[in-house]
Structure formats: structure tokens, C-alpha cells
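Participant: Have a look; sequence and predicted model below, questions after that.
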2 protein chains.
Amino acid sequence: MQTISLRTPYLIFVGDESRKNYVKTGAGLVDWRPELCVGQFRLTADTADLGLPDMSIAEAVEAGVGSLVIGTAAVGGEMPAHWQTSLAAAAAAGLDIVAGLHSHLGDSAELAAAAANGGARLVDVRVPPAKLPVGSGKKRGGLRLLTVGTDCALGKKYTALQLEKDMRAAGMNADFRASGQTGIMIAGEGIALDAVVSDFLTGAAELLSPDNSPAHWDVIEGQGGLFHPAYAPVSHGLLLGSQPDAFIVCHEAGREHISGWEHYRVPSIGEVISGTIRTGSLTNPDIRCAGISVNTSTLPASERAAYLRELAARYDLPCVDPLIDGTGAIVDYLRQLHG
Amino acid sequence: MQTISLRTPYLIFVGDESRKNYVKTGAGLVDWRPELCVGQFRLTADTADLGLPDMSIAEAVEAGVGSLVIGTAAVGGEMPAHWQTSLAAAAAAGLDIVAGLHSHLGDSAELAAAAANGGARLVDVRVPPAKLPVGSGKKRGGLRLLTVGTDCALGKKYTALQLEKDMRAAGMNADFRASGQTGIMIAGEGIALDAVVSDFLTGAAELLSPDNSPAHWDVIEGQGGLFHPAYAPVSHGLLLGSQPDAFIVCHEAGREHISGWEHYRVPSIGEVISGTIRTGSLTNPDIRCAGISVNTSTLPASERAAYLRELAARYDLPCVDPLIDGTGAIVDYLRQLHG
């Protein structure tokens, strides 16, 4: 029983995608794991450039690449048919093909045959590992931090990655733990929790942050929101299985309604703090909030500092915009709490 | 998009299971839906007797049976190999085969071929329908009641079925809605919620109790427990999607630890009431507790009435043992609340 695990390093496949906005997965990999990204594979001259060396399949094999990672988010999650030839060539050459698309890589007979010939794996990171356990509720060694949110898509993954970076810079032993598809590509392992069968949700969440040494921090990527009308159960399971000692509330300044569920209001940061403590204390009675992480990009630049100061005073917690300030203030607070 | 739907009436397959304790599914069908059970199919003379007429496959076809339902709970959830011939004969004769086993009916080539020839379906009631929606959080017409619990396996299905019976006897328009495998066989439709992929849990729960007329009651079978260290997310999703106006807390007198998770204590009935209201009010702000249903079989008979009286006084709610008292007191209270 284990999480998905990817073979590194990566060749990032950009196809012929020219729109910067659609190559976020690849750009995220380059941002957060430059050491894992040895090259990019582009079909045309005007394909978006991730700033990596252009490489052929043969050059990637020569460079010791383990996986070709599809770094684009195609419309509707489907893969353009004309990419098949390149992907099949990579698989036939022995590179694992890694994707987070809604269509399954193995549905392509051409690709399946090439992978079989090349001894390569076709890895859909949205597909959970088989035979997941049921949650045990038993305490594991080590320290854990979970990013939670007032809604979806407001910086839970970014905050966790920045925390890992800043904690490591401060000399702490910290590992980002991925619970979603892009996070899994960045971490090279993890489980897409929203794709797990409900009965095994807490068990899968327990697998994400296994037993560890006492001073080690798992920095766990959150999902959904505990007050989300559709996805709250995913957040609940991740919270119970993570057994976090600390959590960070992520928020977007000015967001008032749940994105896509406009008939629901975004809960206050205070509601998320008390709800997370109430729910999380079942599996870890010592759970506490250790900071607030806000995307302030919707505010005029002149108002951002005052907004964060006001929040910090109201909740008596470090409060940062991780894109502007990093998460150093939160890291300092964690060191204070867990010496 | 719809729930699983079974063809009625049923021929109950008992195989050669002689242990009364292992034919509970079949016995439950006979108890709660006698009008759907036209016969039983037994392989030997000492097979457990459900009190139905013994029937051959040919007689069942003649009697208009729609499905052969496997009424046993085999050890490990696997089907004994020597049952295959009888099941294949039924499928070849056009009867749907319905099972709640862990192994899939379609994994048997013999059975799959027979079903194809006979135009019959192989229905694993634990397998959710394809293409489930994401929860909308939108209010639907009609009234809804959900049974919740301090733990698993303490009477949530039984209480819901007894409520349906007593509400109908009182002239109310009520339908039991099934969220687990035995419930689905009894209701003839439903979704095994614990087998649904997490992202679609609230959406599946919404499907279970569709829009209805204003005075209609859906009486929804609960799952798990909101304070269960492994299954709480399932309960959370069912609660959000059900949007219940009323809920009944089910409990077993004297149970102190979560069954199978003995390191967790069973929450108090008061904790379950306040937790359910807090969580459920997201999708229905009018949610309230309408009663307590206790399995008192663990108490000496002389103490049961006093135990229930004490609980009723403490929570100011009707409090019944449904096996002894029925649920009439709760039905009266519902009529008071929802006139």
C-alpha cells in the first residue's frame, strides 16, 4: 500500500500549446522543482517556452530522464490526437508518460502498445493507487501542517510549497505532501484525494503523511473547503487522516461567494479556524491554527499591507501574502510553537 | 443520471446457507418488503428457510419475477463457486441477478455469458451508477428526514424503515431512500454511498432524494457517523446532499467505543445533535433533531423504559426503541413540527 510514485527527472511536454495560461502545470514544475526539469519538448517554434533546454526524445533518454510529463491543461482535459505520435515515441524509448488529464492515457491503443514495447508506465496521476486502506485513526510520529481554505482554488498548494521552501531555508526538515494532480507531479508522489472512493478517503489521507521522526514536518496540500457545499467531505477526510498539529487558513481577499456555487457565501476566516479545530481535534486534540495566507492580488497595492495587519491583529496570528512576503512569519511562529 | 434501479418482484437465492445469521439480507427483504418477495431458491433441504414458497427458476419466470436476489452474506463477500450453475440458469432465463458481494458478478465468464444470452442484467448494488454529478447545494422541494448515528451498525437502516412504515400508517406520504447495499435491495433503488468517488459524494446524496411535492417525506438511510475516525466524510456528504429538515439520532445503549476503532469513544447523543445541526445547516438552515432511536437490547429488560424516559427528558425529544415501541412517538412529533 503506497502512494503514486513518479520516476524523475522530467522532460516537460508542451505540445504545440502557445497560450501561457494553459501551460501552468509545466510552469509550476519549473518554478518549484527546477532540479527535476531537465528539458522541454515543443512541437512548433511558437509553442510556449518554459525556459528549459529544448530536447528530442533521444536527448532526453541520453540525459537520464525518467518521465515525460504532459505540462499542459488541455481544454476539457482531453489530449489532442496529433500529440500521440510524439508520446508513443517517448514511451517506446522507455520514458514513463505522466498526465493529469481526464481521459486515460491507456485508452490509446497506440500509446499502450508503445509503452509495453518500451517497458514504460502510463501514469494518470488522477487515478488513485489500488487497494487503499480504511483510516485507522492511529497517531503517527512527526509533525504535520495542513493548508485549508475558505474556498477552492485560492492558494492552498502554493502556500504549502512556499512553506516547504521557507522551512527548509530555516533549517527545518520539511516535505511537501501532494493531494492533487499538479502537486503530485511536483512532489513526484502523492494521491489525488478527490478521486478516492469515499470509504477509503481517510485511509488515503493517512498514507500521504506516513510515520516520521519527531522533528520532521509534513506540509500537506489541502483540498476543497470544510464549508464547501460539494467538496466539504474531501476536506473532512483529508483533515482527519492528516491529523495536523498546525493548519494555515488560505483565503482570497474580496472573494465573497463560493466559486461556481454563487448561492453560497464564503465562510469567514474565523469560522474556518473554529470549524477546522472542532473537526480536526477528533484525530489530533492538539490541532491549532498557525497562520493565515491571503492572495491579496484583487486589492489595490496600497491597501494590501493594512489588510494583512488588520487580519493579523484580529486573529492574533501571522498573516502573509505568500507571493509578496513569502511565509517566513508563519515559519517563525511554527518554530516558536514547536521549538 | 439516476440511482441504481432493480426489477421487481424478487426470487430470493439462499444457496445452501444453513446459518440463520448469514441470511439477514434475505430475511430483511421478507420483513420489510413481503409484497416483493414471491419465492425462495434453496439448494438443499437444510438450507435456511425464509418462510417463502420454494420455487424453481422456471416457476419464478412463470410468476413474473424480475430479479434473483442473493440473500446471503458470504464470508469475505465472495460467492461460493458451486452457486454459479444455478445463477447462470436464472440469468439465461432472463432474470436479473442482484448481489451485494465484494466480488463482481460480471467477473464470472459463465455468468456473464448466461446474462448476455438471457438478456438479463448482472447488478452489483455496491457499484454506484456511472456519471454521477457534483453536488449543487440547491434546495429541492419536499421534506426530508435522515437517520444519523453515534457509530456504525446500530440501527440507522432499521429506524428509517420503521419510520417509513409508521409514517405511511399515519397517512403520510413517505418513501425510504437507500444509501447502502441491503437498503437498495429493499427499496429497489438507491446508491451505495460509501463506494462513490469522493468528489461526487454530495451529488450522489442529492440524487437519492430528488425534488418532490411539498408534503412528501424522504426517509433517508444514514451511513457511518459524523464523529467516526474513518467514515465521517461519508456521513458528512450524505448530510449535505440530503439537506434534511429533520434527523433522528440512532444509538446503542451501553456502546462506549467505536466498533473496530476501540481507541475512539462513542460521542454523546448531545454531541451528535449539535454537530449534525452545525454541519447540516450549511445546506438546510432549518435542520433540527426530531427524535432519538436507541437499541436497548444490551440493557436488562427492566431498565429499558427508564433509560428511554431519562433520555427523552434530557434532550426534550421523543425517544424510542424502534424494535419495541415502533417509531410512532417520533411520527407524532414530526406531524407537530411540519403540520
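Facilitator: That came through, no problem. Treat the numbers as computed from the prediction; the structure is a model and nothing was measured.

Participant: Show the backbone phi and psi for the closest residue to A:A205 other than its chain neighbours.
Facilitator: With sequence-adjacent residues excluded and distances taken as CB to CB, 6 or more residues apart in numbering or on different chains, A:A205 is closest to A:G241, at 2.4 Å. (C-beta placed from N, C-alpha, C; glycine too.) Torsion angles at A:G241 (phi, psi; degrees, to the nearest 10) stand at phi -70, psi -30.

Participant: Close to chain B: what parts of the stretch 51-200 of chain A are there?
Facilitator: By CB under 8 Å from any CB of the partner chain, the residues of the stretch 51-200 of chain A that approach chain B are A:134-138, A:193-199.

Participant: Who wins on neighbours among the residues you listed?
Facilitator: A:S198 (30 neighbours; other CB atoms under 10 Å in any protein chain shown).

Participant: How about the contacts made by that residue?
Facilitator: Going by CB atoms under 8 Å, 6 or more residues apart in numbering or on different chains, A:S198 touches A:233, A:237, B:193-198, B:201, B:233-234, B:237.

Participant: For chain A, give me the ranges with low pLDDT.
Facilitator: A:1, A:74-77 (pLDDT under 70).

Participant: how does it look with 80?
Facilitator: Residues of chain A meeting the criterion pLDDT under 80: A:1, A:74-78, A:102-103, A:339.

Participant: Next one: the spatially most central residue of chain A from B:G291, what distance?
Facilitator: Residue closest to the average C-alpha location in chain A (CA atoms, centre = their mean): A:G183, at 2.7 Å. From A:G183 over to B:G291 the distance is 44 Å, taken as CB to CB, to the nearest Å.

Participant: repeat for A:D46
Facilitator: Counting by CB to CB, the gap from A:D46 to B:G291 is 67 Å.

Participant: of these two, who's got more company?
Facilitator: Legend: neighbour count by other CB under 10 Å for A:D46 and B:G291, higher for B:G291 (26 against 9).

Participant: mind listing what that one touches?
Facilitator: B:248-249, B:317-320, B:327, B:329-330, B:333.

Participant: Surely it forms part of a strand?
Facilitator: Yes. Using DSSP: H, G, I helix; E, B strand; the rest coil, the assignment for B:G291 is a strand.

Participant: from the residues of the stretch 51-200 of chain A next to chain B, which single one is nearest A:I258?
Facilitator: Set against A:I258, the nearest of these by CB to CB is A:D194 (16.0 Å).

Participant: what secondary structure does that closest one sit in?
Facilitator: Applying three-state DSSP: A:D194 is helix.

Participant: For it, give me its contacts.
Facilitator: A:180, A:223-224, A:231, A:234, B:197-199.

Participant: Quick check: the residue nearest to the centre of chain A is in a helix.
Facilitator: Yes. Using three-state DSSP, the assignment for A:G183 is a helix.

Participant: That one contacts A:G190, doesn't it?
Facilitator: Yes. Look at A:G183 against A:G190 with CB atoms under 8 Å: they come within range, at 5.9 Å.

Participant: How about the secondary structure of A:F176?
Facilitator: strand.

Participant: same deal with the one 10 residues further on?
Facilitator: Reduced to three states with three-state DSSP, the structure at A:I186 is helix.

Participant: now the helices for the stretch 1-150 of chain A?
Facilitator: Ranges of helices within the stretch 1-150 of chain A are A:24-32, A:57-62, A:84-92, A:109-118, based on DSSP state H, counting those that start in this stretch.

Participant: counting contacts, what elements does the second one pack onto?
Facilitator: With contacts defined as 3 or more CB pairs under 8 Å, 6 or more residues apart in numbering or on different chains; DSSP states H and E, helix A:57-62 has these neighbours: strand A:37-42, helix A:84-92.

Participant: For the last one, output the C-alpha coordinates as CSV.
Facilitator: The reference is to helix A:84-92. Extracted as CSV, the C-alpha positions of helix A:84-92 are listed here (Å, rounded to 0.1, in the frame of the first residue of the first chain):
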residue,chain,number,x,y,z
GLN,A,84,0.0,10.8,-29.9
THR,A,85,3.0,10.1,-32.2
SER,A,86,5.5,12.0,-30.0
LEU,A,87,4.2,10.5,-26.8
ALA,A,88,4.3,7.0,-28.3
ALA,A,89,7.9,7.6,-29.4
ALA,A,90,8.8,8.6,-25.9
ALA,A,91,7.1,5.6,-24.4
ALA,A,92,8.7,3.2,-26.9
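
Participant: could you give the angle of it to strand A:37-42?
Facilitator: Per axes from the mean of the first three to the mean of the last three CA atoms, to 10 degrees, the angle that helix A:84-92 makes with strand A:37-42 is 150 degrees.

Participant: In the stretch 51-200 of chain A, what residue lies closest to chain B?
Facilitator: A:G137 (3.1 Å; CB to the nearest CB).

Participant: ok, and the closest non-adjacent residue to that residue?
Facilitator: Per CB to CB, 6+ apart, closest to A:G137 is B:P229, 3.1 Å.

Participant: Could you look up the SS state of the one you found?
Facilitator: B:P229 is classified as coil under three-state DSSP.

Participant: What count of nearby residues applies to it?
Facilitator: B:P229 has 23 nearby residues by other CB under 10 Å.

Participant: No more questions from me, cheers.
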